[in-house]
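Q: Below are the sequence and a predicted model; questions follow.
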Amino acid sequence: MKHAGAWATGVIGIAALALSAGPVAFSISPAMAATPAPTASAATPSVQPTGRIESQSSKPGQLDVTFSAIGLPAGESVDLASVHVFLNGTPVDSKAMAVGSATASALPEASRTAVLVVDTSSGMKGTGLAGAQSAALAFLKAVPPDTKVGLVTASTTGSLVVAPTVDRAALTADINGLAANGGTALYDATMVAQRAVGTTGSRTIVLLAGSRDDSSKASLSQTVSAAQLSGAVVDAFSLGTTATQVAPLQELTAASGGRLFATQQAADFAAAFRSAAQDISTEILITAQVPAQFAGVGVTVAVTAKAGNTTVTDTAAYQLSSTTVAGSTASKQAAAASPRPEKVTITPLGSHTYLIIGIAAVFVGLLAIFVLLAFNARLLDTRDTRMRRRLSFYTLAGRTTRAEPQPTALGDSSVTRSAVQLAGRLVVSRDFDARLGRRLEAAGVPLKPAEWLVVQAGSAVGLGVVFLLLGGGSAVAAILGILIGIGAPIAYLVMRESRRSTAFLEQLPDTLQLIAGSISVGHSLAQAMDAVVREDIQPMSIEFNRALVETRLGMPVEDALEGIATRMASQDFAWIVMAIRIHREVGGNLAEILTTVAATIRERERLRRQVRGLSAEGRLSAWILGALPPIFATYLILVRPTYIKPLFTDPLGVTLLGVMIILMITGIVWLRRVVKVEV
């Protein structure tokens, strides 16, 4: 937040780890942006001295800045007379005082708070924890007496052991009593420290990590965002120099303007912690006068000072307060309009641990379903064998015969047959077997209702797992995947049914003309139907072939043709069947009737195509505008759920969502009414 150029240091700093066998210190500051810090010895883990703006606060006409010199040798301090402040490159009048002086002690801006975050996981047992305790005690001895120091442990959870206090005896006792056990929740512990360090004055979090995080509910991105918003500086010290362990700490320190020190020896931490305490002791409070032209605007604050023979400097962006009187209406409105930190909410499914648990639970459930299907297949085979054994006594040979298993369109394995049989029981018990069967026949899908139900269940489970993985363990994403998995096969079935019905209607005039020609030359209606089948134009030939087979099995021709009209939901063909029935009862010229009907249907089809051509642009726009909101909402749920969350949690968002749904439904219904012409 404070130093945008510090992000470039991360990649170079990690590469430097592989080139150095000793402890490495990284300083994150603009003065060293894009330049790796030099290798430091265990005795002197400091880097080239540089400046760091610790905190800023503004009042009408005044800016208070806490500034420190990083990496100064012991005993050196900042020359107060050499301090200069620049706003957008313009020098302004300023006054500097040591934070620990009597003049500054009464000011809230001059308060100093530090929180030690110590990794107490099981990986720190032995020399790791002993080195951490020695480093923490060294920090207590070196830090200024007026600095409030707190203690947070990072084990399986992050725990606040001691709130920030100046009672060094209590802190010493608690540090000596630390024990190593459990996992590593560094991110959770850092979040606890950010809440404990407060919101005023100079705030520093000193983090000691012995292993990478494996138990936090908070993610790294959440911790980095909270560090940027809190304004506290995070200095991290790593026992280990591998890239996997150092990279998250590098990102965290870069976001907060802190520095990173990595080593392989726990004994090196004491010198590093004394250096961090020395940095706190060099802090100064600068009060700068803000000219009127900078009031209420964002500026770049630059501070330069002399520390011994070294010039230290730092820059940071800040939104200055306006010149209105504090407590006035304008001041309150400006404060309400200014950016405010957002509270980070840690959800259980936001961590990798719960994601792994959720995925494991899904696969355990799938395994249980597989075992259930296998057991059911075994039970069915046993039941069939027992039945055949009983019936064998009534056969001539007295032997059992092995019945051939009924194949399915999904495969011939016992598990597949078991799944289809279970689904068949479900569709029969729910009494929608016949309805689903008619729809499958109308769509030309070569599946039984039970087989279709198995496909739909597999689609729901599969998409649910995929969306669970893409959504990072989000339950909302998993539910959305299940709903899409259920709805996608239904949409496919409706689309197939509509296309097949449209194709049937387009082929109907030519088919009637063919039947009329066959009848006019002396063929029977059955022979005319056979001529349609030989033309092999789908779906007309398939439907007439089925009707022809039914007539050969004894069904009347009119009833077989009525079945075609029912399956294809064609009112035109139903009228044709009615004409055939009347002809069978009273007689007449059927060929002439069919020719007239074919001409009428052909003219209606021409008009229908003309209407579809004229409304093509509107229908395409309706599809695009109707599909865009749900597709984009699905993308946001999977990638950035926080963007779309207010739409479901905020009352205004829920209202807008309801209005949007009503308007979309109204538009779809209106558009369908416009483009649908009864001819």
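A: Thanks, I have it.

Q: Just after the lengthiest helix in the chain, pick out the following helix or strand.
A: For the chain, the helix with the greatest residue count under DSSP state H is helix 475-520. If you walk from helix 475-520 toward the C-terminus, the next helix or strand you reach (DSSP states H and E) is helix 525-535.

Q: Run the chain-centre distance for that following helix.
A: The offset between the C-alpha centroid of helix 525-535 and the centroid of the whole chain comes to 58 Å, using Cα atoms, centre = their mean, to the nearest Å.

Q: could you check the angle helix 525-535 makes with the helix or strand following that helix?
A: Following helix 525-535 in sequence order, the next helix or strand is helix 540-552 (DSSP H and E). For helix 540-552 against helix 525-535, the angle by axes from the mean of the first three to the mean of the last three Cα atoms, to 10 degrees is 140 degrees.

Q: If you count neighbours, what's buried in the next helix or strand after helix 540-552?
A: Sequence order places helix 557-568 as the next helix or strand after helix 540-552, per DSSP H and E. If you call a residue buried by 16 or more other Cβ atoms under 10 Å, then helix 557-568 has these buried ones: 557-558, 560-565, 567-568. Any C-beta I mention is one placed from the backbone N, CA and C, and that applies to glycine too.

Q: Centre of the chain to helix 557-568, how far?
A: Its chain's average C-alpha position is 51 Å from that of helix 557-568, according to Cα atoms, centre = their mean.

Q: repeat for stretch 244-262
A: In terms of Cα atoms, centre = their mean, the gap separating the centre of stretch 244-262 from the centre of its chain is 25 Å.

Q: Identify each buried residue in it, please.
A: Per 16+ other Cβ under 10 Å, stretch 244-262 contains these buried residues: 245-262.

Q: circling back to that earlier point, the longest helix of the chain packs against which elements?
A: If contacts are counted by 3 or more Cβ pairs under 8 Å, 6 or more residues apart in numbering; DSSP states H and E, helix 475-520 sits against helix 433-443, helix 449-470, helix 525-535, helix 540-552, helix 557-568, helix 571-586, helix 590-614, helix 616-639.

Q: ok, and what's touching the longest one?
A: If you take Cβ atoms under 8 Å, 6 or more residues apart in numbering as the criterion, helix 590-614 is touched by 505-506, 508-510, 512-513, 515-517, 519-520, 525, 572, 575-576, 579-580, 583, 619, 675, 677, 679.

Q: What of the fourth one?
A: Taking Cβ under 8 Å, 6+ apart as the criterion, the residues outside helix 540-552 that touch it are 444, 504, 507-508, 511, 526, 529-530, 532-535, 557, 559-561, 563-564, 567-568.

Q: what's the angle between it and helix 557-568?
A: Computed with the same axes, to 10 degrees, the direction of helix 540-552 lies at 140 degrees from that of helix 557-568.

Q: quick one: helix 540-552 to helix 571-586, angle?
A: Per the same axes, to 10 degrees, the angle that helix 540-552 makes with helix 571-586 is 30 degrees.

Q: roughly how far is helix 540-552 from the heart of the chain?
A: Shown here is helix 540-552, whose average C-alpha point lies 52 Å from the average C-alpha point of the whole chain (Cα atoms, centre = their mean).

Q: for the second one, same thing?
A: In terms of Cα atoms, centre = their mean, the gap separating the centre of helix 449-470 from the centre of its chain is 20 Å.

Q: do the last one as well
A: Relative to its chain's centre, helix 616-639 lies at 20 Å (Cα atoms, centre = their mean).

Q: so how far is Ser238 from Gln456?
A: Relative to Ser238, Gln456 is positioned 52 Å away (criterion: Cβ to Cβ, to the nearest Å).

Q: So the two - more neighbours on which side?
A: Taking neighbours as other Cβ atoms under 10 Å, Gln456 and Ser238 compare with Ser238 leading, 28 against 18.

Q: residues in contact with that one?
A: By Cβ under 8 Å, 6+ apart, the neighbours of Ser238 are 209, 245-246, 249, 260-263.

Q: Among these, which one lies nearest to Thr282?
A: Within those, the smallest distance to Thr282 is 17.6 Å, found for Phe261 (Cβ to Cβ).

Q: just checking, what packs against whichever helix or strand the closest one is part of?
A: Phe261 belongs to strand 259-263 when assigned by DSSP H and E. Contacting strand 259-263 under the criterion 3+ Cβ pairs under 8 Å, 6+ apart are the following elements: strand 24-27, strand 233-239, helix 243-256, helix 269-281.

Q: partners of that strand in the sheet?
A: Strand partners for strand 259-263, identified by DSSP bridges, are recorded as strand 24-27 (antiparallel), strand 233-239 (parallel).

Q: Check those strands for me: which has the lowest mean pLDDT.
A: For those, mean pLDDT drops lowest on strand 24-27, to a mean of 42.

Q: bridging residues for the nearest residue to Asp93 once chain neighbours are set aside?
A: The spatially closest residue to Asp93, leaving aside those adjacent along the chain, is Gln289, at 4.5 Å (Cβ to Cβ, 6 or more residues apart in numbering). Going by DSSP bridges, Gln289 is paired in beta bridges with Gln62.

Q: Next: Lys306.
A: Taking DSSP bridges, one finds Asp79, Thr311 as the beta-bridge partners of Lys306.

Q: neighbours of it, just the number please.
A: Lys306, neighbours per other Cβ under 10 Å, totals 16.

Q: tell me the contacts of it?
A: Residues in contact with Lys306, defined by Cβ under 8 Å, 6+ apart, are 78-79, 82, 312.

Q: Any chance of CSV for these, columns neighbour count, distance to Arg602 and pLDDT?
A: Supplementary listing: the contacts of Lys306 in CSV, determined by neighbours: other Cβ atoms under 10 Å; distance: Cβ to Cβ, whole Å; pLDDT from 0 to 100:
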residue, neighbour count, distance to Arg602, pLDDT
Val78, 24, 96, 85
Asp79, 14, 100, 84
Ser82, 13, 97, 86
Val312, 27, 91, 86
